[in-house]
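*Asks:* Prediction below, plus the sequence it came from.
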Amino acid sequence: MTKIRAAITGVGGYVPDYILTNKELETMVETTDEWITTRTGIKERRILKGEKQGVSVMGVAAVKELIAKTGIDPKEIDLLLFATVTADMTFPATANIVATEVGAVNAFSYDIGAACSGFIFALSTGASYIRSGMYKKVVVVGGDKMSAIMDYKDRTTCIIFGDGAGAVLLEPTTEDVGVMDEILRSDGAGEQYLHMKAGGSRIPASHATVDGRQHYVYQEGSAVFKFAVTNMADISGQLAERNKLNASNIDWLVPHQANKRIIDATASRIGITEDKVMMNIERYGNTTAGTIPLLLWDYEKRLKKGDNLLMAAFGGGFTWGAVYVKWAYNS
Ligand code: UT7
């Protein structure tokens, strides 16, 4: 029987216009452009401004661009997955809002919450539906409006995160391209280092939680950093080894953009030089579930059919993983 794989057949993306520079952050918290640049690699990030602008606004823009570029009829979309930790509302799912806004009237849709690994977890889910033969067109969106849960008085977190969203289309193929292999993991013990304290069912929102600034990202940066460096590099190494991938045949490392130092450690673990590492952290910062699809969006024109891509992520949960994708088209 011919093997069906899930191929990425198009990419869309969106980042808001407003640019929050390191210089502007210097006026908000006690920090310097020099500290941020050397410790993280970030120079600026995008911020979605305006009243009642949720992450769906960016998701809709990314999916509309994807539809325009691929020329599909939105009515053909079977499933739309949205990976995010900054949903417009607790419910309904942001995926439902986006699917309806883009005219995907025959689709079912739901959100996936796996923080910075959200996009690769959702890619795995979408690819499984395609491989099963049940669905033919699956849209996977990753995006976050991190500015909505950022404490702009906390210099240890507010300098890192930004807003943005990207989307890919998955379709079946019998060619030797598409999502080839993956290793995905999670460990709830990571909760203590990276979480948002209130607003969920454990500690619902109240005056006290607002006064206590508990609706923002809480992160113990150096602890997360250590777990991220080890786990993202190790899992990428494991996936590379079992697929006989190495410096000579990996065309691109596509790493989650949290900190340039974590990216460099992962590249060095699999022996890849900087020219093969997709990077846009200096312009967008950490957009959580948005980073990997936004990298594909930025680098799409440089990708060729048959290129070997190794995606890798680490984030809140903890969640982490690596996905091996063979690129399916020339732009
Ligand atoms: O994507 C989701 C997963 N998240 C991550 O992967 C993030 C992982 N963590 C990191 O990227 C880094 O830990 C940070 C960028 C958050 C922090 O960098 P670091 O090198 O780990 O710094 P640190 O937390 O160990 O702090 C070193 C010093 C401290 O001062 P003292 O105690 O040595 O006097 C901090 O108070 O740097 C200070 N500091 C700052 N100084 C200037 C922390 N933030 C800032 C800042 N500007 N923005």
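*Replies:* Done, it's in.
*Asks:* What parts of the stretch 1-150 of the chain come near the ligand?
*Replies:* Within the stretch 1-150 of the chain, the positions lying close to the ligand (Cβ under 6 Å from any ligand atom) are 31, 35, 36, 39, 40, 116. For the C-beta atoms, the positions are set from N, CA and C on the backbone; glycine is no exception.
*Asks:* which ones are touching the closest residue to the ligand within the stretch 201-331 of the chain?
*Replies:* Nearest to the ligand, among the residues of the stretch 201-331 of the chain, is residue 221, at 2.8 Å (Cβ to the nearest ligand atom). The neighbours of residue 221, taking Cβ atoms under 8 Å, 6 or more residues apart in numbering as the test, are 156, 157.
*Asks:* Mind pulling up the pLDDT for it?
*Replies:* pLDDT for residue 221: 96.
*Asks:* got it, and residue 70?
*Replies:* Residue 70 is given a pLDDT of 98.
*Asks:* ok, so what distance separates it from residue 250?
*Replies:* 26 Å (Cβ to Cβ, to the nearest Å).
*Asks:* Please identify which of those two sits among more neighbours.
*Replies:* residue 250 (22 against 17; other Cβ atoms under 10 Å).
*Asks:* Isn't the more buried one up against residue 312?
*Replies:* No: the pair residue 250 / residue 312 is not scored as a contact, 11.2 Å apart, by Cβ atoms under 8 Å.
*Asks:* if we can go back for a sec, among the residues of the stretch 1-150 of the chain next to the ligand, who's most crowded?
*Replies:* residue 116 (32 neighbours).
*Asks:* For that one, list the residues it contacts.
*Replies:* So residue 116 contacts 256, 258, 286, 288, 289, 291, 313, 314, 315, 316, 319 (Cβ under 8 Å, 6+ apart).
*Asks:* And for the residue in the stretch 1-150 of the chain that the ligand sits nearest to, nearest residue in space, chain neighbours not counted?
*Replies:* Going by Cβ to the nearest ligand atom, the ligand is nearest to residue 31 of the stretch 1-150 of the chain, at 3.3 Å. Spatially, and ignoring its direct neighbours in sequence, residue 31 is nearest to residue 155 (4.9 Å; Cβ to Cβ, 6 or more residues apart in numbering).
*Asks:* Could you do residue 76 as well?
*Replies:* residue 137 (5.2 Å).
*Asks:* got it, and residue 219?
*Replies:* residue 194 (5.0 Å).
*Asks:* these two touch, right, the residue nearest to residue 76 and residue 169?
*Replies:* Yes: counting by Cβ under 8 Å, residue 137 touches residue 169, with 6.6 Å between them.
*Asks:* which residues do those two both contact?
*Replies:* Joint contacts of residue 137 and residue 169 (Cβ under 8 Å, 6+ apart) are residue 72.
*Asks:* All the strands of this protein, residue numbers only.
*Replies:* 5-14, 18-21, 44-47, 79-83, 108-112, 138-145, 163-173, 178-186, 194-196, 217-219, 252-255, 308-315, 319-326 (DSSP state E).
*Asks:* Need the winner for burial among these.
*Replies:* Highest mean neighbour count among the strands of the chain (mean count of other Cβ atoms under 10 Å): strand 138-145, with a mean of 32.
*Asks:* which helices and strands does it pack with?
*Replies:* helix 55-70, strand 79-83, helix 118-132, strand 163-173, helix 291-299 (3 or more Cβ pairs under 8 Å, 6 or more residues apart in numbering; DSSP states H and E).
*Asks:* quick one: strands adjacent to that strand?
*Replies:* The strands beside strand 138-145 in its sheet (DSSP bridges) come out as strand 79-83 (parallel), strand 163-173 (antiparallel).
*Asks:* tilt between the first one and strand 108-112?
*Replies:* This means strand 79-83. 20 degrees (axes from the mean of the first three to the mean of the last three Cα atoms, to 10 degrees).
*Asks:* any idea of the angle strand 79-83 forms with helix 55-70?
*Replies:* Using the same axes, to 10 degrees: strand 79-83 against helix 55-70 is 130 degrees.
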